[in-house]
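A.B. asks: sharing a sequence plus its predicted fold:
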Amino acid sequence: MHMTMRWFGPGYDPVTLEQIRQVPVVKGVISTLYAKQPGELWEKAEIAALKQEIEDSGLTVAGIESVNIHDAIKTGAPERDNYIETYIKTLKHIGQADIHLVCYNFMPVFDWTRTDLAKKRADGSTTMAYNQKIIDTIDPNNMQALIERQSNGFMLAGWEPERLARLKELFALYDTVNPEILFNNLKYFLEQIMPTCDKYNINMAIHPDDPAWAIFGLSRIVTNQEQLLRLMSAVDNVHNGVTLCTGSLGTNPNNNIPEIIKSLKNRIHFAHIRNLLHTAPGQFEEAAHISVDGSLDMFAIVKALYDNGFDGPIRPDHGRNIWGEKGMPGYGLYDRALGAMYLYGLWEALEKHA
Ligand code: DNO
């Protein structure tokens, strides 16, 4: 296991590499070329510059989150092969830069979705929260505004204004894309990229849908154990793997995360570990990482990863905003640093107790 933190890159992340470097045990970051639109080629020089900046600070690049997938690939549009070709070139450039992990998602239109980005908690901290009742009544065209209003002025991953400005067009593209079609489009994409992943030893790690159910009538196909295992066997190559995101899978209380971890065996390449608190059916808020603050048993989760022999990067995931920090929602420095320490502590105890 390698403890990492996410870093959005120069000009986008208010947290500095120097700060991350001072979080004990964090030796690497998970980063990206944040300005890249889905479908754009990642040039070798751009990847090299990012890597250089990170390495100059004494950290390593533990992986990329994300190389986003163009809607033509997700919807299976005629031009998908051109976009897959570009994706393959990007993977090649990433592999040549000696980076071997790529996190991505296959969610239609919206990436992670929350209804409140700064819900006040009893201790005065703020956190991100979700209420299905709001989603059921809101016009999806207003989602971008709802998120942007609460973003503290930061661009949030997956909520790129350029793409979401075309929301009506995007919804129309997915009109006929039922879960089976979406699954087949994902399978097709993975089959095309696997030879490149094999050649450069790149682990593709799909991120589960967040929340783990369909929203706004859009298909979602990465929400539970059965769907994850179906995907693993549909493209049965070790480079087709998973980002084990406890905060996404954990939105559905029926998902038994330790059991999911066990069943995925060696196909977990990356772990996003955070806790959340179920407040009512279809409602949750993001808690501090520690078990006692939320609904997930973090010890059982970390133990399941440990028992699986997990040796990829882990990162503390969304944190609360604490100590007056005006951070990017979910990605402030302080609570994620606390999370990293706690998760590492669990791991150390498991290792020493073995
Ligand atoms: C949100 C993140 C997601 C994730 C993507 C992966 O904070 O967990 O945006 O990075 O879904 O492609």
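C.D. replies: Arrived safely, thanks for sending.
A.B. asks: give me the nearest residue to the residue in the stretch 251-354 of the chain positioned nearest to the ligand, chain neighbours excluded.
C.D. replies: Here the residue of the stretch 251-354 of the chain nearest the ligand is Gly330; by C-beta to the nearest ligand atom that distance is 5.5 Å. From N, CA and C alone the C-beta is placed, and that goes for glycine too. Take Gly330 and drop its neighbours on the chain: the residue closest to it by C-beta to C-beta, 6 or more residues apart in numbering is His318, 3.6 Å away.
A.B. asks: now for that neighbour: which residues touch it?
C.D. replies: Met128, Gly247, Arg274, Glu286, Gly330, Tyr331, Arg336 (C-beta atoms under 8 Å, 6 or more residues apart in numbering).
A.B. asks: next, the first one: phi, psi?
C.D. replies: Met128 has phi and psi values of phi -90, psi 140 when expressed as degrees, to the nearest 10.
A.B. asks: does it touch Leu277 like I think?
C.D. replies: No: contact criterion C-beta atoms under 8 Å: Met128 and Leu277 do not qualify, at 11.5 Å.
A.B. asks: tell me, what's touching the two both at once?
C.D. replies: Counting by C-beta under 8 Å, 6+ apart, the residues touching both Met128 and Leu277 are Glu285, Glu286.
A.B. asks: what about those two, which has more around it?
C.D. replies: Met128 (23 against 17; other C-beta atoms under 10 Å).
A.B. asks: report pLDDT for the spatially closest residue to that one that is not a sequence neighbour.
C.D. replies: The shortest distance from Met128 to any non-neighbouring residue, by C-beta to C-beta, 6+ apart, is to Arg114 (4.5 Å). Looking at Arg114, its pLDDT stands at 96.
A.B. asks: does Val29 touch Ile20 like I think?
C.D. replies: Yes: the pair Val29 and Ile20 qualifies as a contact (C-beta under 8 Å) at a distance of 6.2 Å.
A.B. asks: quick one: the residue of the stretch 251-354 of the chain closest to the ligand and Met128 touch, right?
C.D. replies: Yes: counting by C-beta under 8 Å, Gly330 does reach Met128; the two are 5.5 Å apart.
A.B. asks: now the common contact residues for these two.
C.D. replies: Leu117, Glu286, His318.
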